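1. fold the following.
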Amino acid sequence: MKVMLTGGRGMLGRTLTSVLKTSHEVLATDFPEADITDYFAISNAIKKWRPDAVINCAAKTAVDLCETEQTAAYNLNAYGAANVAKACFENDVRLISISTDYVFSGKNDRPWREDDIACGGNTVYGKSKFLGEQLILGLCPDALICRLAWLYGTGGPSFLHTILKLADGTREQLKVVSDQIGNPTSCLAVAKHMRILLEHPEITGICHLTCDGEASWFEFAQEICRLNGIKQEIIPCATSEYPRPAPRPAYSALENTVLAKHGLPPMPHWKKALENFFIRGFIW
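-> Down below sits the predicted model:
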């Protein structure tokens, strides 16, 4: 199978390329050779390479920066995604596009399922990605949108890499937010499941693809240090102590119900995936 990636030089794109190339022919594209904000550019790239599937990883993911660079956020996350969807539909190419937990409000008492109502939340990032989801499914009804969350992978940037840099012995304590809950998710685990999803074109619409189990950033940081034998004191703190331009969702844990519905293997538990990441030495 020929698989084309947009955003191929990003953290997820790099991992997808590494994993998928063992079983598929992969073309990892990125800006400027495949500019998704230019419909004719992305359409011509698809016509030239004639892939069987496109995985759209291209996005503006700097959540705080999206608040001040709103036009760029919508151009990439919404209208750029629409360009990819239109080009895939017109060229009869399967599309898998990446989305986020930020499409939800962050106010819930259980993990969000695929059939729960999304609204874009309270951030420009979330709203632009949610609009992108709607445009994709309107233009390419057989597309699959995979929502991810709290990603970490080889080379970063990610929360994991930040913690490892800060826990270098120069600080007596680290304060980490304990009132935000989500699913720490390994790019490697996502890539392995993406390989499975490529073999199931009947799965369309929305699919959550996060590691099982939930944690706070505080718990995630504790586990990162524990697995690396780092003796760093980590202190829980409230989100209010670290105000950011974009408000973070308090509860954005996702449930992978579509995987279960189709009888596909579950995603690994986040602690097991994190341990595997360090064992394999994929940090940097």
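2. give me the neighbour count for the closest residue to Ala238 other than its chain neighbours.
-> Leaving aside its sequence neighbours, Ala238 sits nearest to Asp179 (C-beta to C-beta, 6 or more residues apart in numbering; 5.5 Å). All C-beta spots, glycine's among them, are computed from the backbone N, C-alpha and C. Residue crowding around Asp179 was assessed by other C-beta atoms under 10 Å; the count is 16.
3. residues touching Asp179, list them.
-> By C-beta atoms under 8 Å, 6 or more residues apart in numbering, the contact set of Asp179 is 216, 238-239, 250.
4. okay, strands next: where are they in the stretch 1-150 of the chain?
-> 2-6, 25-28, 53-56, 94-100, 144-148 (DSSP state E, counting those that start in this stretch).
5. would you convert the ones you listed into JSON lines that also reports mean neighbour count, mean pLDDT and distance to Glu199?
-> Below are the strands of the stretch 1-150 of the chain laid out as JSON lines (neighbours: other C-beta atoms under 10 Å; pLDDT from 0 to 100; distance: least, C-beta to C-beta, whole Å):
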{"stretch": "strand 2-6", "mean neighbour count": "24", "mean pLDDT": "98", "distance to Glu199": "12"}
{"stretch": "strand 25-28", "mean neighbour count": "18", "mean pLDDT": "98", "distance to Glu199": "15"}
{"stretch": "strand 53-56", "mean neighbour count": "28", "mean pLDDT": "98", "distance to Glu199": "10"}
{"stretch": "strand 94-100", "mean neighbour count": "25", "mean pLDDT": "98", "distance to Glu199": "11"}
{"stretch": "strand 144-148", "mean neighbour count": "24", "mean pLDDT": "98", "distance to Glu199": "12"}
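6. dump those into a markdown table; add distance to Glu69 as well.
-> Formatted as a markdown table, the strands of the stretch 1-150 of the chain follow (distance: least, C-beta to C-beta, whole Å):
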| stretch | distance to Glu69 |
| --- | --- |
| strand 2-6 | 19 |
| strand 25-28 | 25 |
| strand 53-56 | 20 |
| strand 94-100 | 17 |
| strand 144-148 | 22 |
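7. how near is the nearest residue to Phe130 once chain neighbours are set aside to Phe89?
-> Computed as C-beta to C-beta, 6+ apart, the closest residue to Phe130 that is not its neighbour in sequence is Gly120, at 3.6 Å. To Phe89, Gly120 is 23 Å away according to C-beta to C-beta, to the nearest Å.
8. with neighbour numbers in mind, choose between these two.
-> Comparing Gly120 with Phe89 by other C-beta under 10 Å, the one with more neighbours is Gly120, at 20 against 16.
9. how many neighbouring residues does Phe31 have?
-> The local packing of Phe31 (other C-beta under 10 Å) involves 17 other residues.
10. and if you look at the one 10 residues further on?
-> Using other C-beta under 10 Å, Ala41 is surrounded by 17 other residues.
11. please enumerate residues in contact with the biggest helix by length in the chain?
-> Counting by DSSP state H, the longest helix found in the chain is helix 124-139. Applying C-beta under 8 Å, 6+ apart, the contact partners of helix 124-139 are 59-61, 63, 66-67, 70, 73-74, 76-82, 84-86, 89, 95, 97, 99-100, 102-104, 118-121, 143, 145, 205-206, 246, 249.
12. alright, calling it a day.
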